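Asks: Fold the following.
(2 chains)
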Amino acid sequence: MKKWRVLLATLMLTFVAACGNEEAVEFSDTFEAAAESAEGSTVNLYMWGGDEGINSYIDDYVAPRLEESYDVELNRVAMDTAEFVRQLSLDKKADRQVGTIDVVWINGDNFRNAKEAGLLRDGLMERVPNATLLNETAQQSDAGTPTDDLELAWGNVQFILHYDAAKVDNPPESFEELRRWTEDNPGRFTYPEVTDFTGNAFVRHLLYERYGDELNKNATVEESFWDDLKAWSPNLWKEGQTYPKTLEQLDQLYASGEVWMTMGFNERRAEAEVKEGIFPKETRALLLDHSIASTHFLAIPFNSPNPDGALVLIQELLSPEAQLVKQGPDYWGDGTSLDLTKLDANDQKAFEELGDGVTYPNSEQLLERSIPDYGPNIIDAVREEWPSVAK
Amino acid sequence: MLRSSVALSILVSFLPLAALFFLGMEALGTDWGALLTDETWRDSLFTTLYVVSVSTIVSLVLGTWVARTVVNQRWRFTSTILKIPMFVPHIAAAYLFWLLFSGSNGFWGIESNERDYVTVILTYIWKETPFVFLMMIGTYEQLNRGYVETAKTLQLSPYAQFKHAEFPFLIKPLLDSTWILIAFISFAYEVPALLGVTYPKLIGVLAYERLSTGLYLEATEPYAVALIWTCFVGFGVFVSYVMTASVRRRIERGVRR
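Replies: Down below sits the predicted model:
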């Protein structure tokens, strides 16, 4: 009987504790004070976890460094971006001022949603010293949404396809040629569903092929565009009966040789995969007519339980050393968000010496064909209308 | 029984009502007309009904038949082996089937990720047959052989023997298993997410997708669908139990005597 009472009491207490509205934890005044108050604490980084290279960059490189230089423990939580945005918006609804998430990796429509719902803390520029090193153009806007100091640029990448040169003799050079190539090689190409970040971006490239910048002014996609896309689907993997649910699934199909091309943001993403023998040895970059440039960001939620720890983590992630290793071929290959001209000579040299990998595209061509992303309303439009293609 | 544990059990049994209440709250503001005519939801509902009914019926028949055979033939070993799939989580089972069937030509001509959802149904049958088997075997072991002997003496056909001497005792466990399976399979996520197709998605997958993608973040539709489905299952449970109440009561009294 007594045991039960204790159990019940504990249960009730948990509920009561969960219901109580604690005060939000505020930032310390200066970065030095923040670093001091963060000592010995744990900071929770919520991020998409679908890439081994990225995960091991955080776990094997960043976490030990953070522990060593700031005595802060890093806890990486793998979660789809939209999902933690959703969790934060539920927290907001419930007025939960002390949550569980300290730093989020975010961009695009998810950032727009988070911004509109007021889920992020502002004033990051002045609080993170390394933010002064950031590339100002990249920092300004996130796929058409002004960042308004709610997030700091973490990396800069471009969209690229990769193909297996052992199987593909004459790689296509434009989206039109890609279409013709799939006619000759049915079932060897596909793209992820448009609920997936990458799949949506691929369709936006096709939109750009037809509409160019026009779509920004007048966001209506003609029915014929979707009809054409549907007409293409019988030449895709599984005859277009189904599409990979995520980029990870497409990468898996590519790794097993079932499809001969894959794609993704980040022109250097295949290097580590090839090195580890996951992707075919002959994997090469495939740059088509144009490539969307995209910046991804770090932000701190309104109810972060350890905002000082969050500042320390972001400071560390934006340091030239961490950015250099991030761009290198060992873990991730993610382009730096820093403005190299703002770095000292040694750091600049180190970035220049990183050189090219065999799976990298020609960097001049890549820059030439770079296009800005459409705004979130196009992402939404693709999500809404594409399902008719998959029917 | 201790008073506190009674209180706790009552509290727990009210939880589904709380769930209904919250679903209702979240579903407020749904355009019900638009929801019911939305083609994506409708296709998803029909596919879900198809997958649920085929998997449930086949699992029930197989599970019952195996339990009957195991008891009649005294196959102890078989009964141990049959329990193995019970210990494999659904997500692992889905992955196993995906590994088996996902190759370019599938396996035995069956491919995963196709619109007939064959591999999804197979996974559920593999997972749920042992469950039905466990639900039924207890009943079969306790079954009064006297009725079967009587039926045989009366020279009834095998089907009539089953119908009169066995089936009445199976109604309760069958009904329990049926609704557990329906409720579980209809809104499960992992198996159809891995083995299903882009269109039409099963209702659990579609609801989750609508809940978690940016475009629909404020949407009330998934909650409305969950609410409708929960009410539908609840109504089905209620009606089927009321309709069989008198038979079940008679059987239970008979068994206890």
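
Asks: so residue A:174 touches residue A:289, yeah?
Replies: Yes: contact criterion C-beta atoms under 8 Å: residue A:174 and residue A:289 qualify, at 4.9 Å. Just so you know, the C-beta spots here come from the backbone N, C-alpha and C atoms, and that holds for glycine as well.

Asks: in the stretch 1-150 of chain B, which spans are helices?
Replies: Shown for the stretch 1-150 of chain B, the helices assigned by DSSP state H, counting those that start in this stretch span residues B:3-13, B:15-27, B:32-37, B:39-73, B:76-82, B:90-101, B:118-142, B:145-153.

Asks: Select, out of the ones you listed, the one closest to chain A.
Replies: Distance to chain A, taken as C-beta to the nearest C-beta, is lowest for helix B:3-13 among the helices of the stretch 1-150 of chain B, at 3.9 Å.

Asks: Which positions within the closest one qualify as buried?
Replies: Applying a neighbour-count criterion of 16 or more other C-beta atoms under 10 Å in any protein chain shown, one finds nothing buried in helix B:3-13.

Asks: Also stretch A:271-287?
Replies: Quick answer for stretch A:271-287 (16+ other C-beta under 10 Å): A:271-275, A:278-280, A:283-287.

Asks: Make CSV out of the helices of the stretch 1-150 of chain B and add mean pLDDT and distance to residue A:105.
Replies: CSV is the format used below for these (pLDDT from 0 to 100; distance: least, C-beta to C-beta, whole Å):
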stretch, mean pLDDT, distance to residue A:105
helix B:3-13, 85, 39
helix B:15-27, 85, 28
helix B:32-37, 83, 34
helix B:39-73, 92, 30
helix B:76-82, 79, 46
helix B:90-101, 86, 25
helix B:118-142, 90, 33
helix B:145-153, 87, 65
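
Asks: and those as CSV, adding distance to residue A:350?
Replies: As requested, the helices of the stretch 1-150 of chain B are arranged in CSV below (distance: least, C-beta to C-beta, whole Å):
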stretch, distance to residue A:350
helix B:3-13, 61
helix B:15-27, 52
helix B:32-37, 57
helix B:39-73, 51
helix B:76-82, 61
helix B:90-101, 42
helix B:118-142, 51
helix B:145-153, 84
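
Asks: Could I get the phi/psi values of the residue of the stretch 151-300 of chain A found nearest chain B?
Replies: Nearest residue of the stretch 151-300 of chain A to chain B, counting by C-beta to the nearest C-beta: residue A:242, 3.7 Å away. As for residue A:242, its main-chain torsions (degrees, to the nearest 10) stand at phi -150, psi 160.

Asks: did I read that right, residue A:32 in a helix?
Replies: Yes: with the criterion set as DSSP: H, G, I helix; E, B strand; the rest coil, the secondary structure at residue A:32 is a helix.

Asks: show me the contacts for the closest residue to the residue of the stretch 151-300 of chain A closest to chain B other than its chain neighbours.
Replies: If the residues on either side of it in the chain are set aside, residue A:242 comes closest to residue B:197, at 3.7 Å by C-beta to C-beta, 6 or more residues apart in numbering or on different chains. When contacts are counted by C-beta atoms under 8 Å, 6 or more residues apart in numbering or on different chains, residue B:197 touches A:241, A:242, B:113, B:114, B:115, B:117.

Asks: can you tell me how far the first one sits from residue A:270?
Replies: Taking C-beta to C-beta, to the nearest Å as the criterion, residue A:241 is separated from residue A:270 by 27 Å.

Asks: Same question for residue B:238.
Replies: 57 Å.

Asks: Residue A:39: which of the helices of the stretch 1-150 of chain B is closest?
Replies: Between residue A:39 and those, the shortest gap by C-beta to C-beta is with helix B:90-101, which sits at 39.6 Å.

Asks: helices or strands up against that closest one?
Replies: The helices and strands touching helix B:90-101, judged by 3 or more C-beta pairs under 8 Å, 6 or more residues apart in numbering or on different chains; DSSP states H and E, are helix B:118-142, helix B:190-195.

Asks: Can you flag the buried ones in the contacts of residue B:197?
Replies: Buried residues within the contacts of residue B:197, defined by neighbour count using 16+ other C-beta under 10 Å: A:241, A:242, B:113, B:114, B:117.
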